[in-house]
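In: Task: produce atomic coordinates for the following.
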Amino acid sequence: MSLSSGDKTEDVLARLNRLPEEERLAVLDAMTEKRRKNTFVKYFEPWAEQKDAIRKFDRTKKIFGLLGGNRSGKTVLGAFIAVAWCLGKEYFRDEPAWEWVRDLPIPEPPNNVWVVGVTNNVLRDVIWYEKLRHGKSHPAFLPSDGAIRDCKDGDFQIFFENGSLLTGKSAEAGRDKFQGASIDLVWLDEECEQSIFDECYQRTVDCAGRILLTLTPLTDINSGVRTPWVFDLYEEFLGGDTDLVFCQLSTLNSPFVPEDEKKKLIEKWSGDPEEGARLYGKFVRRSGLVYPWWDKSKHCIRPFPIPRFWQRIVSIDPAATGITAGIWLAVDEQGNYFAYREYYERDKIVSEHAKGITQRNSGEPVDYWLLDPKWGSQRAAENHKNGAQLYREADIPVRLPEVGEDYGLAVSKEYISATVTPGARHPKFYVMGDLPNFVHEITHYTYDSWAKGEMKGLSKEKPRKRNDHLLNATQYAMCLRLKGSKKRSTDIFGNIDEDKITVEQRQKNRSYT
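Out: Numbers count the residues shown, from 1 in each chain. Presented below is the predicted three-dimensional model:
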């Protein structure tokens, strides 16, 4: 006759109690050690930095970011959280790891969890086998106590008895492979392209899911990805966005890294541009900003009525596909430039852009309509008309400015740096009011850098072609080096006295941020 589960337990305890105390304690230790190995996730004990970090991932946070150096424990903590999401809180009640699970915003199972590696090799070798299935510096996070119904390593899928599903995905597969499902947690390990992140984010919207990020911040605003979305999120966090949180983990505090190896790491990375990222999880910039002088507190001023006698420019940076940008600038009698309006639209034909720009202009007088000279002189294959002709036929009388080999980059640096240079006699540049796209571009515009080889990370001394649409349009306008018209006693546009902006008023406006 077979024994029930309860009878088996009583039989084991009875036999255990018949053993001498020393043997009984040894058996109990062995049983505890076996249980700890088979259900390591129940016994997981974060170290100090990990404890501080995991306490910040509460129900108020949509995005939880862990920035850490190599072997700092960011992926370890990511694996623990992902598995806990699948198992559910009740699995951990009265277990040692309950303290770290109870305040996490884990919904009731079943839960659908995605684990995303930047490449298929990283997903397979590091996340799947080293952290989840087999373990390396620690036992595997996936328990072998009956909580898992099936593992399909070839498909990177794990089915839990409570109905939860964990699926591994590679960012290399492309955006199309990240569509359709409703996901309770997405864990992104290292930085992928923004299109992948955007698709993952959308998968969490209908179920109030969460995003977990673990990465070494070697990529910043000048990173290899086309859009530095992690750096942008980090800046939003620093700016006070309470929907997300970022925490930093140091490799030097990891108990899995021997002390002699830590000393070697300090020696290896000391003084290196990557030191902050490799050891402490800090963002680094391998190449600098094109406009390091930009200071929002000095360049951004309060809007004011533009005098009618100031010259006005609308400069357009077009694109056959992608973003077409336009910027409105006014030039005072000293030659200072004031940007006061922007146009920023994508994927429209020339006539639609021209209509949008005209509507934004609202019938105001414009002295100069400018267009990117390279794009404006190129002829379309279908009608043999150049870009300038297309805009002129759409009733915008554009002209192609003389911009030089650098397309006005050096000139724009003169205007922008003069604004923050005490006593500068060179005309200055200001932004009036809120031009969000322009401000985003100028704070993210960097020099390009070499991606590989001996010069990896070093600047190419030319800007990277991104975040530059409104900046290019501004550069075209600055190449004119205009000096605004002098105030006249009478003016065909109206009362000059009402339009006059004094030096004192302008100085007061500079305090605007």
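
In: In contact with residue 383, which residues?
Out: Contact partners of residue 383, counting by C-beta atoms under 8 Å, 6 or more residues apart in numbering, are absent. No exception for glycine: its C-beta is placed from N, CA and C like everyone else's.

In: 10 Å instead?
Out: 389, 390 (C-beta atoms under 10 Å, 6 or more residues apart in numbering).

In: and it, that one's in a strand?
Out: No - counting by DSSP: H, G, I helix; E, B strand; the rest coil, residue 383 is not found in a strand; it is coil.

In: where's it relative to residue 390, distance?
Out: Residue 383 is 8 Å from residue 390, where distance means C-beta to C-beta, to the nearest Å.

In: Next: residue 151.
Out: Taking C-beta to C-beta, one finds residue 151 at 59 Å from residue 390.

In: who has more neighbours, the two?
Out: residue 390 (21 against 16; other C-beta atoms under 10 Å).

In: So the more buried one: helix, strand or coil?
Out: helix.

In: What distance do you get for residue 94 to residue 42?
Out: Residue 94 is 10 Å from residue 42, by C-beta to C-beta.

In: Compare these two and say which is more crowded by neighbours.
Out: For residue 94 versus residue 42, neighbours defined as other C-beta under 10 Å are more numerous around residue 42 (21 against 7).

In: My read is that that one contacts residue 144, right?
Out: No - in this structure residue 42 lies outside contact range of residue 144 using C-beta atoms under 10 Å: 11.7 Å.

In: Assess the claim that residue 37 and residue 134 are in contact.
Out: No - the criterion here is C-beta under 10 Å, and residue 37 misses it with residue 134 at 11.6 Å.

In: where do the contact lists of these two overlap?
Out: Between them, residue 37 and residue 134 share the contacting residues residue 140, judged by C-beta under 10 Å, 6+ apart.

In: of these two, who's got more company?
Out: Of the pair residue 37 and residue 134, residue 37 is the one with more neighbours under other C-beta under 10 Å, namely 15 against 12.

In: Confirm that that one lies within a helix, as I assumed.
Out: Yes - assessed with three-state DSSP, residue 37 lies in a helix.

In: Could you give the bridge partners of the nearest residue to it once chain neighbours are set aside?
Out: The spatially closest residue to residue 37, leaving aside those adjacent along the chain, is residue 139, at 4.8 Å (C-beta to C-beta, 6 or more residues apart in numbering). Per DSSP bridges, the residues bridged to residue 139 are residue 135.

In: ok, residue 139 to residue 365 distance?
Out: 74 Å.

In: neighbour-wise, which of those two wins?
Out: residue 139 (18 against 9).

In: Would you enumerate the residues in contact with residue 238?
Out: residue 246.

In: And the pLDDT at it?
Out: Residue 238 carries a pLDDT value of 85.

In: Kindly report the same for residue 270.
Out: For residue 270, pLDDT reads 82.

In: repeat for the one 3 residues further on
Out: We note a pLDDT of 66 for residue 273 in this prediction.

In: Equivalent analysis for residue 406, please.
Out: Taking residue 406 on its own, its pLDDT is 88.

In: what's the neighbour count on it?
Out: 14.

In: the bottom helix or strand of this structure by mean pLDDT?
Out: helix 496-499 (a mean of 38; mean pLDDT, DSSP states H and E).

In: what helix or strand is residue 235 on?
Out: Residue 235 belongs to helix 229-238 when elements are defined using DSSP states H and E.

In: And that helix, what's buried?
Out: By 16 or more other C-beta atoms under 10 Å, the buried positions in helix 229-238 come out as 229, 230, 231, 233, 234, 237.

In: shouldn't residue 360 be in contact with residue 325?
Out: No - taking C-beta under 10 Å as the definition, residue 360 is not a contact partner of residue 325, at 11.6 Å.

In: Below-threshold pLDDT in the stretch 101-250 of the chain: ranges please.
Out: 218-226 (pLDDT under 70).

In: picking that back up, so the residue nearest to residue 37 makes contact with residue 41?
Out: Yes - the pair residue 139 / residue 41 is scored as a contact, 8.8 Å apart, by C-beta under 10 Å.

In: Next, find the distance separating the residue nearest to residue 230 when sequence neighbours are not counted from residue 205.
Out: Spatially, and ignoring its direct neighbours in sequence, residue 230 is nearest to residue 191 (5.1 Å; C-beta to C-beta, 6+ apart). Distance, residue 191 to residue 205, using C-beta to C-beta: 21 Å.

In: Could you check which of the two has the larger neighbour count?
Out: residue 191 (24 against 11).

In: The more buried one sits in which helix or strand?
Out: Per DSSP H and E, there is no helix or strand for residue 191.
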